[in-house]
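Peer 1: mind folding the following:
(2 chains)
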Amino acid sequence: MRNQSAPRVLAVDPFSRGVGFAVVEGPARLVDWGIRTTGRADNAKALHVIAKLIDRFRPDVLAFEDWDSDGSRRCGRVQTLLDRIAATEGPRVLVRLITRRQIRAIGPLPQTSTKRGRACLLAERFLELQPFLPPSRKPWMPEDDRMAIFDALGFALACFPKKTWEDLPEQTPP
Amino acid sequence: MAHQRLQNYLRTHRRHHSLSQAEVATLLGAASGTKVSRYENFARMPGALTVFALEIVFNQPASELFAGNYQAIRLAVQERARSMEEELNSQPNAQDRTTLRKLELLRSIVELKPSSARPS
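Peer 2: Next up, the predicted model:
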């Protein structure tokens, strides 16, 4: 059967100038993705953006990075923001915090050990994301904003029961 | 557990095919992408002819493109069919051939499964 009963997961990944998001219904159906810019590092605007995304997609689960887990390297502002998202959105939607270990487990190692590797893996799986795949980053380059989409999609996929990458169902055409 | 689907998946299908709102509007015969934007943001429900056009553009049944709307309408119709069935059953001529035919139809509506279900 089609994923009639698959929960809808909205995953968000705040970055310095906005919020990246991805919405999936089950591990094989990508509903929407994108970036909402806030202009500058502004937690109030970012919270507003996330509230609007929740109103639009009415997700069953809201997923984002567990800023308190081992190896998480989010700055103080983003930590505060994630804390506030959990506090404000917790009462109306189930919140799932995804650790870096869970993120790495979405696909085969060693590809999933780096952001770039994960992004390439996800772009191979969800072909509509290929135009959003940022170019390889050089040491002197800042991180591309579009990487937040792939991070968010990783958080969303980490919410579903673990299967091997090969065992995952083929991407369902939308 | 059944989860409520989004009102429509026009944006998902459009982006899957890398089409812009203006391009979809052109295919629909609309002047600009504004209409498409309103459909995608659940601000407006397209008319029947536009729904047929969207079916053709995305090669998907309307029940899938407008899955949430379809789900809500199906439940409402099933509820009405259920009460109509109860009403007919309580009538003295409930064993008439015509009434039995109606009851058969109403029962099939009540037991209707989502038609957008298909093998993945």
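
Peer 1: chain neighbours aside, what residue packs nearest to A:Gly34?
Peer 2: In space, and not counting its chain neighbours, A:Gly34 is closest to A:Phe21: 6.2 Å by CB to CB, 6 or more residues apart in numbering or on different chains. Bear in mind the C-beta positions are built from the backbone N, C-alpha and C, glycine included.

Peer 1: wait, is the one you found part of a strand?
Peer 2: Yes: when classified by DSSP: H, G, I helix; E, B strand; the rest coil, A:Phe21 is found to be part of a strand.

Peer 1: for it, which residues are in contact?
Peer 2: A:Leu10, A:Ala11, A:Val12, A:Asp13, A:Asp32, A:Trp33, A:Gly34, A:Ile35, A:Arg36, A:Leu53, A:Ile149, A:Ala152 (CB atoms under 8 Å, 6 or more residues apart in numbering or on different chains).

Peer 1: so what does the fifth one have for phi and psi?
Peer 2: Backbone torsions for A:Asp32, taken as degrees, to the nearest 10, come to phi -160, psi 160.

Peer 1: give the bridge partners for it, please.
Peer 2: Beta-bridge partners of A:Asp32, counted by DSSP bridges, are A:Val23.

Peer 1: that one reaches B:Leu10, doesn't it?
Peer 2: No: look at A:Asp32 against B:Leu10 with CB atoms under 8 Å: they stay out of range, at 10.9 Å.

Peer 1: higher neighbour count, these two?
Peer 2: Higher neighbour count among A:Asp32 and B:Leu10: B:Leu10, with 25 against 19, using other CB atoms under 10 Å in any protein chain shown.

Peer 1: what about the residue of chain B found nearest chain A, neighbour count?
Peer 2: Proximity of chain B to chain A (CB to the nearest CB) peaks at B:Thr12, 4.2 Å away. Neighbourhood size, B:Thr12 [other CB under 10 Å]: 23.

Peer 1: what's the answer for A:Glu89, then?
Peer 2: Other residues lying near A:Glu89 total 20 when counted by other CB under 10 Å.

Peer 1: now, which of the contacts of A:Phe21 sits nearest chain B?
Peer 2: Taking the contacts of A:Phe21 together and measuring to chain B by CB to the nearest CB, the closest member is A:Asp32, at 6.1 Å.

Peer 1: tell me the confidence at A:Glu166?
Peer 2: On the pLDDT scale, A:Glu166 is placed at 59.

Peer 1: B:Tyr70 now?
Peer 2: pLDDT, B:Tyr70: 93.

Peer 1: so where's chain B shaky on pLDDT?
Peer 2: Within chain B, the ranges that satisfy pLDDT under 70 run B:1-2, B:114-120.

Peer 1: and for chain A?
Peer 2: Per-residue confidence for chain A (pLDDT under 70) gives these ranges: A:1-5, A:162-174.

Peer 1: what about the helices in it?
Peer 2: A:43-57, A:76-89, A:100-104, A:115-125, A:147-157 (DSSP state H).

Peer 1: hmm, back to that, so where does the residue of chain B closest to chain A fall, helix or strand?
Peer 2: Using DSSP states H and E, the element containing B:Thr12 is helix B:10-16.

Peer 1: check which element follows that helix along the chain.
Peer 2: Elements were assigned by DSSP H and E; along the chain past helix B:10-16, the next helix or strand is helix B:21-28.

Peer 1: from the contact counts, what lies against that next one?
Peer 2: helix B:10-16, helix B:34-40, helix B:48-58 (3 or more CB pairs under 8 Å, 6 or more residues apart in numbering or on different chains; DSSP states H and E).

Peer 1: buried set for the first one?
Peer 2: When neighbours are counted by 16 or more other CB atoms under 10 Å in any protein chain shown, the buried residues of helix B:10-16 are found to be B:Leu10, B:Arg11, B:Thr12, B:His13, B:Arg14, B:Arg15, B:His16.

Peer 1: next one: that helix to chain centre, how far?
Peer 2: How far helix B:10-16 lies from its chain's middle: 17 Å, per CA atoms, centre = their mean, to the nearest Å.

Peer 1: hmm, who's touching that helix?
Peer 2: For helix B:10-16, the external contacting residues (CB under 8 Å, 6+ apart) are A:30-33, A:128, A:173-174, B:20-21, B:24, B:36, B:39-40, B:54, B:58, B:60, B:65.
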